[in-house]
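Participant: need a structure here:
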Amino acid sequence: MDGLYEFNIQTPMGNIKALVQLITNGNNLSGYIDVMGKRNQFNNGTVNGNNLSLNGKIAAGMVNIQYNIMGTVQGNNLNLVAQTNMGNFNLQGQKIS
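Facilitator: You can find the predicted model right below:
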């Protein structure tokens with residue numbers, strides 16, 4: 001599960017690229033979400049087998065996005081369901097390192 005994953009997010013504003021770094025320590029999950037030129041650290045996530053969950057806030061310019069994310073790692077793919085104050089998103093990322 002540990003690694004760097006790349007996402008292409010389709011939004012009404014166009015395609016947005018994002019990076020998600022996952023670091024596990026037992027059942028604890030930390031890392032960062034890098035989107036729209038801003039890196040947002042998290043350290044409150046949890047891991048159960050190949051499943052993960054985390055929540056927090058992304059500061060993206062003048063917009064703050066609150067999120068609750070649940071996901072599953074399958075091979076080199078990270079599948080996420082993100083519930084945000086900007087809507088819900090199903091996302092799939094590819095491990096790049």
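
Participant: quick one: pLDDT of the spatially most central residue of the chain?
Facilitator: Centroid-nearest residue in the chain: Val20, 5.1 Å away (criterion: CA atoms, centre = their mean). Note for Val20: predicted pLDDT of 96.

Participant: quick one: it from Gly37, how far?
Facilitator: Per CB to CB, to the nearest Å, Val20 is found 15 Å from Gly37. Quick note: C-beta positions are derived from backbone N, CA and C, even for glycine.

Participant: what sits against the residue lying farthest from the centre of the chain?
Facilitator: Distance from the C-alpha centroid of the chain, by CA atoms, centre = their mean, peaks at Met62 (19.7 Å). Going by CB atoms under 8 Å, 6 or more residues apart in numbering, Met62 touches no other residue.

Participant: any idea how far it lies from Thr84?
Facilitator: As judged by CB to CB, Met62 and Thr84 stand 16 Å apart.

Participant: what about the closest residue to Gln21 other than its chain neighbours, helix or strand, and which?
Facilitator: Excluding its sequence neighbours, the residue lying closest to Gln21 (CB to CB, 6 or more residues apart in numbering) is Gly31, at 4.0 Å. Gly31 belongs to strand 28-35 when assigned by DSSP states H and E.
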